[in-house]
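Participant: structure of the sequence below:
(one chain, ligands or ions: 1)
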Amino acid sequence: MGKREDFIGRIIVALDYPSADEAESLLNQLKGIPCYMKVGMQLFYAAGPSFVLKLKEQGYKVFLDLKMHDIPNTVKGGAASIARLGVDMFNVHVAGGITMMESALEGVDQAVNPSIPKPIVIGVTQLTSTNVTTLNDEIGISGTVEDSVLQYAKLAKNAGLDGVVASPLEVTNIKEQNGEGFVTVTPGIRPIGSNMGDQSRVMTPKEAFDQGTDYIVIGRPITASDDPRKSMENIIEELK
Ligand code: C5P
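Facilitator: The predicted model follows:
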């Protein structure tokens with residue numbers, strides 16, 4: 001593991017809150033810790049682009065986790081709007097297909113200019129809450145979750161995306177098949193002793209980084225903690 005700042009900047013805290021006020025209260029508690037912040041649909045639909053801009057003003061790197069999945073033209077427009085916000089990372093569902101993913105990249109190219117840096121564009125493979133029953137019996141995809149994740153990762157790579165969101169359990173194979181530089185962002189992180197919640201394929205922060213993942217996403221183990229700062233500090237301590 002590199003310098004302290006190196007790995008703290010690769011911890012993405014999921015700001016899964018219903019309002020800007022509640023998210024800001026967490027920001028106050030984590031003040032001074034230079035982690036990445038993730039804004040997902042719950043907070044974005046409530047607090048909108050202005051909250052994202054506020055995070056950027058405060059110097060945070062921001063992952064806008066809106067998991068776009070629509071016809072290519074719509075995704076292209078959405079990606080351009082997201083890129084104009086100046087976020088550092090956003091994602092689209094790989095299940096939308098190669099043309100849709102390529103359209104997202106075209107949208108980004110349309111938006112970026114010298115004052116808007118190019119965001120990292122990530123593909124969502126299978127959600128970390130998806131198990132083999134959901135995959136086979138409900139969604140109708142045969143094979144194991146891992147097979148499907150690896151196929152989706154290859155599609156994302158072929159479309160030109162920078163990487164994928166996946167479970168830490170799949171990082172080794174994803175990197176092996178798509179190269180070390182292909183970014184992995186891994187939710188499904190549970191520090192020792194924390195609640196699983198609805199996640200089914202999990203690892204501790206240290207185990208996930210030991211697998212070679214680039215970024216870990218942690219939500220409830222921090223946001224639902226009685227003392228979020230302490231929980232974050234414990235994670236950082238474990239990673240040192
Ligand atoms: O609270 P928890 O640590 O489970 O939060 C995980 C975060 O990562 C949530 O914001 C969830 O939306 C997100 N995520 C995920 N699985 C994916 C993609 C994103 O859990 N495949």
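Participant: using CSV, write out every CA atom in stretch 178-192.
Facilitator: Output in CSV follows, covering the C-alpha atoms of stretch 178-192 (Å, rounded to 0.1, in the frame of the first residue of the first chain):
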residue,chain,number,x,y,z
ASN,A,178,-8.7,-6.8,-19.3
GLY,A,179,-5.3,-5.6,-18.1
GLU,A,180,-4.1,-4.0,-14.9
GLY,A,181,-5.0,-0.5,-16.1
PHE,A,182,-8.7,-1.4,-16.4
VAL,A,183,-10.1,0.2,-13.3
THR,A,184,-12.2,-1.7,-10.8
VAL,A,185,-14.5,0.1,-8.4
THR,A,186,-15.8,-2.3,-5.7
PRO,A,187,-18.8,-1.9,-3.5
GLY,A,188,-19.8,-4.9,-1.2
ILE,A,189,-17.3,-3.8,1.4
ARG,A,190,-17.9,-4.7,4.9
PRO,A,191,-15.3,-4.0,7.7
ILE,A,192,-15.0,-6.9,10.2
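Participant: what's the closest non-adjacent residue to Leu27?
Facilitator: Nearest residue to Leu27, sequence neighbours excluded (CB to CB, 6 or more residues apart in numbering): Gln58, at 7.2 Å. All C-beta spots, glycine's among them, are computed from the backbone N, C-alpha and C.
Participant: these two touch, right, the one you found and Glu24?
Facilitator: No. Gln58 is beyond contact range of Glu24, at 9.9 Å (criterion: CB atoms under 8 Å).
Participant: which of those two has more neighbours?
Facilitator: Glu24 (17 against 12; other CB atoms under 10 Å).
Participant: so Tyr60: helix, strand or coil?
Facilitator: With DSSP: H, G, I helix; E, B strand; the rest coil as the basis, Tyr60 sits in coil.
Participant: longest helix of this structure?
Facilitator: helix 41-57 (DSSP state H).
Participant: any idea how far Leu26 is from the closest residue to the ligand within the chain?
Facilitator: The chain approaches the ligand most closely through Gly219 (2.5 Å), counting by CB to the nearest ligand atom. Distance, Gly219 to Leu26, by CB to CB, to the nearest Å: 11 Å.
Participant: Thr144 too?
Facilitator: 36 Å.
Participant: neighbour count: these two, which is higher?
Facilitator: Ranked by neighbour count (other CB under 10 Å), Thr144 and Leu26 place Leu26 first, with 19 against 12.
Participant: distance of that one from Gly123?
Facilitator: 28 Å.
Participant: likewise for Phe44?
Facilitator: Phe44 is 19 Å from Gly123, by CB to CB.
Participant: swap in Val132?
Facilitator: In terms of CB to CB, Val132 sits 21 Å off from Gly123.
Participant: check Ile189 too.
Facilitator: For Ile189, the distance to Gly123 - CB to CB - is 19 Å.
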